[in-house]
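Trainee: Curious how this folds, go ahead:
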Amino acid sequence: MKVNCFIIDDEPLAINVIESYVDKIPWLNLTGTYTDPLEALEALSKKKVDLIFLDIQMPELSGIELIESLKTAPAIIFTTAFRNFAVEAYEMNGLDYLVKPIKFPRFLKAVDKYLESSQLPGIPHIVSTEVEPGKPAFFIKQGHEMIRVDLVNVLYIESLGDYVKIHQENKTLVVKSTISFLENELETKGFLRIHKSFLIPLSRIESFSKNFLQTREREFPIGRTYCHAVWKHMGMPVQKNNK
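Mentor: The predicted structure follows:
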């Protein structure tokens, strides 16, 4: 399930920053960016929008005035360079009030409020991203917090049905997510599904055979349905099953 969102801000650079953050969040679907609030107002009458990232101080029509002109307003996260509009923003039932320059962890906290308020089914509380250049990581929801997991620290990921256990060098997290979703998010970041219950970082593989894989930490079974994919991914001739 996707959440359709708009960005409305008269500053193109501010739009670029928020757009880059939206791109990191798989359940957000950006359907429009507008520097002209009047153009955005017209678009809102034609498109289904669930969430707006809305600047407050804009020419011709402020963000507050834009919301007041709507019969039914989507969820709003206000974005502004000024702190003195906070009272007006909350009177308009804004979910959050972000002061520029907006940092990604603060943005992530704001969009998580949308998930909490909407209680939408089928949206995983996980964001895969590169938090810092050259340091890939993902944020995943645990309780009321979004926890950062650096990929370099992950030993392996284990399925627990509708939950996963993320084994790391310094701690272990148990969070609500499926291993299939994590597989989809991390397959381009050096992780390999070797079994219905295990997702492994390629960088930690020491050796493997038809039925088992050894990392620096432990031995894992290779699932029958994953055997060919593992061997192919590792650049080896595919092993045929014995009859």
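
Trainee: Need the single longest helix in this protein, by residues.
Mentor: Longest helix in the chain, counting residues (DSSP state H): helix 104-118.

Trainee: now for that helix, which elements pack on it?
Mentor: Judged by 3 or more CB pairs under 8 Å, 6 or more residues apart in numbering; DSSP states H and E, helix 104-118 is in contact with helix 12-23, strand 75-80, strand 96-99, strand 126-132, strand 135-142, strand 145-150. Glycine gets a C-beta too; all of them are placed from N, C-alpha and C.

Trainee: Nearest to L30, out of the ones you listed?
Mentor: Nearest of the helices and strands packed on helix 104-118 to L30, taken as CB to CB: helix 12-23 at 5.0 Å.

Trainee: Report the distance from that closest one to the chain centre.
Mentor: How far helix 12-23 lies from its chain's middle: 15 Å, per CA atoms, centre = their mean, to the nearest Å.

Trainee: angle of that helix against strand 75-80?
Mentor: Interaxial angle, helix 12-23 versus strand 75-80 (axes from the mean of the first three to the mean of the last three CA atoms, to 10 degrees): 140 degrees.

Trainee: From the contact counts, what lies against helix 12-23?
Mentor: Packing contacts for helix 12-23, counted by 3+ CB pairs under 8 Å, 6+ apart, involve strand 3-8, strand 28-34, strand 51-55, helix 104-118.

Trainee: Can you tell me which of these is packed in deepest?
Mentor: Sort these by mean neighbour count, taking mean count of other CB atoms under 10 Å, and strand 51-55 sits at the top with a mean of 26.

Trainee: for the record, mean pLDDT for that strand?
Mentor: Taken as a whole, strand 51-55 has an average pLDDT of 95.

Trainee: please begin residue numbering at 44 from this point
Mentor: Sure, I'll start numbering at 44, so the last one becomes strand 94-98.

Trainee: wouldn't N254 be in contact with F263 here?
Mentor: No. In this structure, N254 is not within contact of F263 by CB atoms under 8 Å, at 10.0 Å.

Trainee: Save the helices and strands packed on helix 55-66 as CSV, and put in distance to E226 too.
Mentor: Rendered in CSV, the data for the helices and strands packed on helix 55-66 read as follows (distance: least, CB to CB, whole Å):
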stretch, distance to E226
strand 46-51, 22
strand 71-77, 21
strand 94-98, 27
helix 147-161, 22
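
Trainee: Tell me how the chain divides into domains.
Mentor: As given by automatic domain parsing, the domain ranges for the chain are 46-161, 180-276.

Trainee: Next, the distance between the ends of the shortest one.
Mentor: In this case it means domain 180-276. Criterion CA to CA, to the nearest Å; first-to-last residue distance in domain 180-276 is 23 Å.

Trainee: pLDDT on that domain, on average?
Mentor: The average pLDDT within domain 180-276 is 88.

Trainee: now that domain: how far from the chain's centre is it?
Mentor: Distance, stretch centre to chain centre, for domain 180-276: 18 Å (CA atoms, centre = their mean).

Trainee: Thank you, goodbye.
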